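Asker: what's the 3D shape of this:
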Amino acid sequence: MKVRAVAGGGQAVEVEPERVTGWFARFAERHGGVADREVDPELVRVTATDGATATVAVPFAPLVPPDDPRLAVDVLALHLLRPRRIGLLLVRRGGHSVGIAYDGRIEVSRTDRRLVQGRSAAGGWSQRRFARRRAGQARDALRAAAQDAVEVLAPRVAELAAVVLGGEARALAGLHADPRLADVFALAASRVLDVGDPRRAVLDEAARRARCVEIIVREKHRSGSADSQDPGQD
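Answerer: Below is the predicted model:
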């Protein structure tokens, strides 16, 4: 279970579709039951009796809300379990991995690694020459990533439910600026995966994580302020 802190207090918990119903049941048990449920095409929020909340920004929206809000979690789980074809674009300095996954399994992929040297401690003319060489290597690596994304993802955009990004913000911004990838980035999910050096094994893990949902958990204290709780207990 991957967990990260979120702005404003609380934590985001990454939960597999198969575990969503059980996760919300344990959340309710831990917090004294359910006081309220909100559901619309973009959001599901469960408020516990003690004021704690568990909120989902619905991936692959829209969600068709049920007539009875008590069925919100069940409907969300069914929505998440539906098989989908998802594009994956992972890029870090000097490396990238691009692929298409169906129901969490890679169908086609390309992975490449290019040398981009680290920063030099030298000064003067030597440092400037090194910096130019390093910048050139970074541009070559980014061009290779863009070309693979153009060839793997762009021709199949119409088949994709979403594109999930991962890696370094600066590298992804460089790809976003490529007009050939406009349709690809138009499908990009808001969540960007924190991934290591892109390799095929990392791409396989990203394909599984792309099916998951992030649940934002906040606990309301007696003072009325919201704070994080231990999501591992839910």
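
Asker: residues contacting the nearest residue to Ala210 once chain neighbours are set aside?
Answerer: Of all residues beyond its chain neighbours, the one nearest Ala210 is Val164 (4.3 Å), with distances taken as Cβ to Cβ, 6 or more residues apart in numbering. (C-beta placed from N, C-alpha, C; glycine too.) Counting by Cβ atoms under 8 Å, 6 or more residues apart in numbering, Val164 touches Ile86, Gly87, Leu88, Leu89, Ala188, Ala189, Arg191, Leu193, Ala206, Arg209, Ala210.

Asker: just those residues: which are in helices?
Answerer: Using DSSP state H, the subset of the contacts of Val164 located in helices is Ala206, Arg209.

Asker: dump the contacts of Val164 into CSV; add neighbour count, distance to Arg113 and pLDDT as well.
Answerer: Shown next, in CSV, are the contacts of Val164 (neighbours: other Cβ atoms under 10 Å; distance: Cβ to Cβ, whole Å; pLDDT from 0 to 100):
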residue, neighbour count, distance to Arg113, pLDDT
Ile86, 24, 23, 98
Gly87, 26, 20, 98
Leu88, 30, 17, 98
Leu89, 29, 16, 98
Ala188, 17, 23, 97
Ala189, 17, 25, 94
Arg191, 19, 25, 92
Leu193, 20, 19, 95
Ala206, 25, 16, 97
Arg209, 20, 21, 97
Ala210, 22, 22, 97
